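Student: pasted the sequence and its predicted model underneath.
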Amino acid sequence: MTAPAPRRTAFTALALLAAACAGPQASRPALQSDGPPPLALPAGEETALRLSARGTQNYECRPASGGGAWALVAPEAELFDASGHKVGRHYAGPTWESSVDGSRVKAAVKAHADAPEPGAVPWLLLTATETSGEGLFGQVKSVQRTDTHGGQPPAGPCAPGDTVKVPYSAVYWFSRARP
């Protein structure tokens, strides 16, 4: 038995709307999709992948005038797709590596902006400096870090040699060249 035409049409419209909302741009912050430089994607690139990260930003207290100052050593985070499946990790370099296909991208910071949330690490635009593999990260050109929560080192003085792992979360957007 087939559904009456109006019901089938309404169902099809809802399905198309849901599919459109599930695309990579659906929950993208305006600043990143078409916003002003310095965090906008370079011309000729488009978002190809969105992953969320949960982990820590790791700091070491290094000697500085008047005692010590926190310096970033490396992030340690797991990467998750939109369904919540772990698909990789983020670590020193900064590097993102797929646990699905072994591909990797290493990048360098090109620009940053203060996070809207106090105590959150900055939002970033990074440029790929090295890629490997043909999978998830094989053709990445740029990486944007947005929607950050936490991750800033403790305020105040520290004793040189001390270390701290500060919990953070973020969304990473990976772009590729437009076809």
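Tutor: It's in.

Student: which residue ranges form the strands in this structure?
Tutor: 45-64, 67-80, 86-91, 95-98, 104-113, 123-132, 142-150, 163-177 (DSSP state E).

Student: tell me which of the ones you listed lies nearest to Leu39.
Tutor: Among the strands of the chain, the nearest to Leu39 by C-beta to C-beta is strand 123-132 (4.7 Å). In short, each C-beta sits where N, CA and C put it, glycine included.

Student: contacts only, for the closest residue to Ser142 other than its chain neighbours.
Tutor: Distances taken as C-beta to C-beta, 6 or more residues apart in numbering place Ser175 nearest to Ser142, at 4.5 Å, with adjacent residues excluded. Applying C-beta atoms under 8 Å, 6 or more residues apart in numbering, we find Ser175 in contact with 41, 45-48, 140-144.

Student: low-confidence ranges, this protein, go.
Tutor: Applying pLDDT under 70 to the chain flags residues 1-37.

Student: distance of Ala82 relative to Val100?
Tutor: From Ala82 across to Val100, the span is 14 Å (C-beta to C-beta, to the nearest Å).

Student: quick one on the thing from earlier: out of the contacts of Ser175, which is nearest to Leu126?
Tutor: Nearest to Leu126 out of those is Val143 (C-beta to C-beta; 4.4 Å).

Student: and that closest one, how far from His85?
Tutor: Distance, Val143 to His85, using C-beta to C-beta: 20 Å.
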